[in-house]
Structures are given as C-alpha cells and as structure tokens.
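Peer 1: A predicted structure for the sequence below; I have some questions about it.
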Amino acid sequence: MMSIKVATGPREAGLMTPMTRRNPFEFQVLTTNDSASLHQSNFDFSKKVKVLTHGWLNHGYSPMPESIKEAYLNVSDLNIIVVDWGVAANVNYILASYNVASVGRLLTEFLNFLIGEGVSMDDVHLIGHSLGAHVVGIAGAYVKKGPIDTITGKRFCYLLQ
C-alpha cells in the first residue's frame, strides 16, 4: 500500500499510500518531491493510477477507500493511491471543511510531482467521497499539466466556506 504524507494540521493531513496487486495490504508512504521513495515503492509507472480520498470522519482504511481499492484490484492491475487525511477529517465538520482546500493543494503538489516523474495525467483517475470529492476537485483544478483524465465525486457534501 502506498501513501502520501499529508496529518495533525492540514499540512500533515494526507498520507499517500500506493497499492498494486503485488502489495494490496502493505503500507508504504510516498512523499511529494521524494523521487527515491517513489522509485523504491511498489508504484508501477507502466500502470494506470487511481487516487482515492475519503470524507469527513473517515480515514485511509475506512470502508470507502478499502472497498473501491479491492474492487479495482480484483479486475485490473493498476496503482491505487489512498490519500489519508484522517487527522484533518476527524474533527468537527466546520474545521474539516476548512481543511479541504489545504489537502486538495497538497494532492495537487503530489500530482505535479508524479507528472515530473513521468506519469501521464491521461492515466490518472481521481475519486473522492464526501468532503474527499472536494479534495479531488481542488486538486484537479490546480494541477499544472492536465487535465486529469477523470475525476469522480461520490456523495459530495456542502463546503462551509
């Protein structure tokens, strides 16, 4: 499993965790602008990328990212990256809503890093649930070399901003 480091505040609120069929359960942390961590991980540059973000009062191992990860890996061999921003999402709704923009920008930084490492945005699909839908929307809006191939929001909710 691969993770992006995003947590106690919005700046730390997003572990990016890459998973493939080779490592559907092993936790690995990817750090933005750390080429060594990316190349030493199980991330496979020849495969498509699905980025999953959970919503309010959830974390990277909540049912939403877990069930989507399992469903995709059962039918395709690809990279799944889970953005775990649970520390910033497991607070009152107003604060969690406020943290969304910061986490979205951190995901943007990570996606720009992946582009710089050779990942094509044509191979990237962002999937967000609840407040996570807003995270992926923000990331998609600000990525430098886009557009992202597909962005899916599931049960997105109202942002209090």
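Peer 2: Alright, I've got the coordinates.

Peer 1: shaky segments in this structure?
Peer 2: Segments of the chain classed as low confidence (criterion: pLDDT under 70) are 1-16, 156-161.

Peer 1: State which helix of it is the longest.
Peer 2: Counting by DSSP state H, the longest helix found in the chain is helix 93-116.

Peer 1: what about the most centrally placed residue in the chain, is that helix, strand or coil?
Peer 2: What sits nearest the mean C-alpha location of the chain, by CA atoms, centre = their mean, is Val83, with 3.4 Å. With DSSP: H, G, I helix; E, B strand; the rest coil as the basis, the three-state label of Val83 is strand.

Peer 1: which residue packs closest to it, ignoring adjacent ones?
Peer 2: The shortest distance from Val83 to any non-neighbouring residue, by CB to CB, 6 or more residues apart in numbering, is to Thr53 (4.5 Å). For glycine as for every other residue, the C-beta is placed from the backbone atoms N, C-alpha and C.

Peer 1: What of Phe113?
Peer 2: Once chain neighbours are set aside, the closest to Phe113 by CB to CB, 6+ apart is Thr32, at 4.9 Å.

Peer 1: For Ile127, give me its contacts.
Peer 2: If a contact means CB atoms under 8 Å, 6 or more residues apart in numbering, then Ile127 has Lys50, Val51, Leu52, Thr53, Ile68, Val136, Ile151, Thr152, Lys154 as its contacts.

Peer 1: what's the angle from whichever helix or strand the first one is part of to helix 93-116?
Peer 2: Applying DSSP states H and E as the criterion places Lys50 in strand 49-53. Following axes from the mean of the first three to the mean of the last three CA atoms, to 10 degrees, one obtains 170 degrees for the angle between strand 49-53 and helix 93-116.

Peer 1: ok, residues contacting the one helix or strand Lys69 maps to?
Peer 2: If you go by DSSP H and E, Lys69 is part of helix 63-75. Contacting residues not belonging to helix 63-75 are listed as 19-21, 24, 50, 52-55, 58, 78, 80, 82, 127, 129-130, 132, 154 [CB under 8 Å, 6+ apart].
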